[in-house]
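Student: generate a structure from the sequence data that follows.
(2 chains)
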There are 2 protein chains.
Amino acid sequence: MSDKILVFGHQKPDTDAIGSSYGFSYLSNHRPNGALNTEVVALGTPNEETQFVLDYFGVKAPRVVKSAKEEGVDTVILTDHNEFQQSISDIEDLTIYGVVDHHRVANFNTAAPLFMTVEPVGSASSIVYRKFLEANVEIPKEVAGLLLSGLISDTLLLKSPTTHVTDHKVAKELAEIAGVNLEEYGLAMLKAGTNLSTKTAEELIDIDAKTFELNGSNVRIAQVNTVDIPEVLERLSDIKAAINASMTANGYDDFVFMITDIVNSNSEIIALGAHPEKSEAAFNFTLADDHAFLAGAVSRKKQVVPQLTESFNK
Amino acid sequence: MSDKILVFGHQKPDTDAIGSSYGFSYLSNHRPNGALNTEVVALGTPNEETQFVLDYFGVKAPRVVKSAKEEGVDTVILTDHNEFQQSISDIEDLTIYGVVDHHRVANFNTAAPLFMTVEPVGSASSIVYRKFLEANVEIPKEVAGLLLSGLISDTLLLKSPTTHVTDHKVAKELAEIAGVNLEEYGLAMLKAGTNLSTKTAEELIDIDAKTFELNGSNVRIAQVNTVDIPEVLERLSDIKAAINASMTANGYDDFVFMITDIVNSNSEIIALGAHPEKSEAAFNFTLADDHAFLAGAVSRKKQVVPQLTESFNK
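Tutor: Presented below is the predicted three-dimensional model:
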């Protein structure tokens, strides 16, 4: 085994997973005291939004690895995740040197003390930025660009309620170092991730989908980002057919699909399955042809899951 | 439920548990941005060493609580521990706002993102000190005294191999703020925790004892600190009788008892049970009358458990 440490974000990497791991690997290798020998890698290929970011700042996508042991490495640093089922395949056999994350902590344990920083902020990239400041290490332009992009992606340009009060200053400072206009760059980047026209209805409902058990019901909640809700709704019948097929195939009782307008910060909700009235009660709207408009909603975690949980529990 | 947050260290609190929780509660209440309403409490009464520290700096022992809900509180901050079995009785029903710790992470999970800092350093108090510096909050003399004492206690005055390279500077700076001579104060404090004469042999072998499963054997490893090993060995036959009774009563296969000289950093080892030859192989010594001298050993975690683990696995 070498002394090399692999740094990576979660499986199915998004821009914050790639940005935070890229930035933290750079920082770890450039600390004035105690620099490490790390390499940033990824557990999957970049999505379209992340590829836009990498191209914009001239950064090569981290190479994809499946197992650390196969790389001759037994020590790793995790960013933007901690739960083992979201991590590298052989995580249970490795030494976890460090974690930088902004999620809940679950299904995670170590045999020895480690460096672990978790903060309830908008992105893991925000925390990595603060660590640059603490270590007094200069941030190269492209690193600032990737960190900024991670924050923009996770907070939908600081509009999601997951945005922390400290994230606005972080975004402003990173945009300055990266040499971009925050609003213009942010919108262009988010739009790059909303090219839904090349995707089938089956792909749309699986881009970002999670299953929740709500009071005994198996509820699938999926989300896509767009700049044009009506354009997506033109494919309503195809999408509904895909949802119904997915429910049958996977045993979901309900399926809630968020089509989120990232420019105006609203969502259209499609609700199918055994309990559409639970969505109507949760969001205080009336479904017509199985869908309805939900003003101001962009965050599944904060604006959909808790409301549905409460509604299903009644 | 009030908006109050309880801050506490682990069950059977030692000086680092009390010191780190006291310091972190103070810091949390005095942050220039985002001050919290916290109260430091404890999950047990101070031991003799900690009582010496509290008396020295004129601090009242944190009141002992058994359950947060009984206090009308549902949010907590943990210091110097994270494993639920070491925490407050109703930990699974509470919101964990933050964690400051220097142990492995295990049997720990949260429902939501939190503030969590874990570092592999000599004490949780070392981390709390760094957080004061980051927040630019002035450290009162008695808070510095408690943090310094936590570090001295956990590292046996910076002599244990668990001491981190950064801990020496932390100790020097805290001693200056606390207005004490590091060596003189540290030794006096450690000695205050070594008054073994008032304790029965049964109490001695249970002051700081943990059970390990080593290759199928149930091995109890206990430790006491002293400034006079011969004085403890005068009670050898009583101690051996207590150990044998404890093995029978609790089903331990082996019992290893470390009598650690905190001034000269050595230990006398008493080994009883089914596999004394495993201790002899682990420590490369020969037991006479069931005990032997182990030069340079002060840390169970680093200098006894790994060596015994390897020996039992052969």
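
Student: rest of the way, CA atoms for contacts and neighbours
Tutor: OK.

Student: how many other residues sit next to residue A:45?
Tutor: 18 (other Cα atoms under 10 Å in any protein chain shown).

Student: how about low-confidence regions in chain A?
Tutor: A:1 (pLDDT under 70).

Student: show me which strand runs longest in it.
Tutor: strand A:217-226 (DSSP state E).

Student: helix or strand for residue A:6, which one?
Tutor: strand A:5-8 (DSSP states H and E).

Student: list the buried residues in that strand.
Tutor: If you call a residue buried by 16 or more other Cα atoms under 10 Å in any protein chain shown, then strand A:5-8 has these buried ones: A:5, A:6, A:7, A:8.

Student: next up, the contacts around the third one.
Tutor: Which is residue A:7. A:21, A:22, A:24, A:25, A:38, A:39, A:40, A:41, A:76, A:77, A:78, A:79 (Cα atoms under 8 Å, 6 or more residues apart in numbering or on different chains).

Student: about what we covered before: so what touches the longest strand of chain A?
Tutor: A:191, A:193-196, A:204-213, A:232, A:251-262, A:300.

Student: can we see that at 7 Å?
Tutor: Strand A:217-226 is contacted from outside by A:194, A:204-213, A:252-262, using Cα atoms under 7 Å, 6 or more residues apart in numbering or on different chains.

Student: just give me the neighbour total for the residue in the stretch 201-314 of chain A that chain B sits nearest to.
Tutor: The nearest approach of the stretch 201-314 of chain A to chain B comes at residue A:301, 10.2 Å away (Cα to the nearest Cα). Residue A:301 is flanked by 12 other residues according to other Cα under 10 Å.

Student: then residue A:115?
Tutor: Neighbour number of residue A:115 under other Cα under 10 Å is 19.

Student: please look at it and residue B:121 and confirm they touch.
Tutor: No. The criterion here is Cα atoms under 7 Å, and residue A:115 misses it with residue B:121 at 9.3 Å.

Student: sec struct for the residue of the stretch 201-314 of chain A closest to chain B, please.
Tutor: Recorded secondary structure, residue A:301: helix (DSSP: H, G, I helix; E, B strand; the rest coil).

Student: contacts only, for the closest residue to residue A:222 other than its chain neighbours.
Tutor: Nearest residue to residue A:222, sequence neighbours excluded (Cα to Cα, 6 or more residues apart in numbering or on different chains): residue A:209, at 4.0 Å. Residue A:209 makes contacts with A:220, A:221, A:222, A:223, as judged by Cα under 7 Å, 6+ apart.

Student: phi, psi for residue A:209 please.
Tutor: Note on residue A:209: its backbone torsions stand at phi -130, psi 140 [degrees, to the nearest 10].

Student: could you measure from it over to residue B:180?
Tutor: 58 Å (Cα to Cα, to the nearest Å).

Student: now do residue A:145
Tutor: From residue A:145 to residue B:180 the distance is 48 Å (Cα to Cα).

Student: okay, the two: which has more neighbours?
Tutor: residue A:145 (24 against 16).

Student: test my guess that the more buried one contacts residue A:176.
Tutor: No. Using Cα under 7 Å, residue A:145 is not in contact with residue A:176, being 9.4 Å away.

Student: just to revisit the earlier point, ok, the buried residues of strand A:5-8 vs chain B, which is closest?
Tutor: Relative to chain B, and with distances defined as Cα to the nearest Cα, the nearest of the buried residues of strand A:5-8 is residue A:5, at 16.9 Å.

Student: for the closest residue to the closest one other than its chain neighbours, give me its contacts.
Tutor: Closest residue in space to residue A:5, ignoring its immediate chain neighbours: residue A:38 at 4.5 Å, by Cα to Cα, 6+ apart. Contacts here follow Cα under 7 Å, 6+ apart; on that basis residue A:38 touches A:4, A:5, A:6, A:7, A:25, A:28, A:29.

Student: go on, residue A:94?
Tutor: A:74, A:75.

Student: please enumerate the helices of the stretch 1-150 of chain A.
Tutor: A:15-29, A:48-57, A:124-135, A:141-155 (DSSP state H, counting those that start in this stretch).

Student: ok, the stretch 201-314 of chain A next?
Tutor: For the stretch 201-314 of chain A, helices defined by DSSP H, counting those that start in this stretch occupy the ranges A:201-204, A:229-233, A:236-250, A:276-283, A:300-303, A:305-312.

Student: wait, which of these is closest to residue A:294?
Tutor: helix A:276-283 (7.3 Å; Cα to Cα).

Student: and the angle for that closest one with helix A:305-312?
Tutor: 120 degrees (axes from the mean of the first three to the mean of the last three Cα atoms, to 10 degrees).
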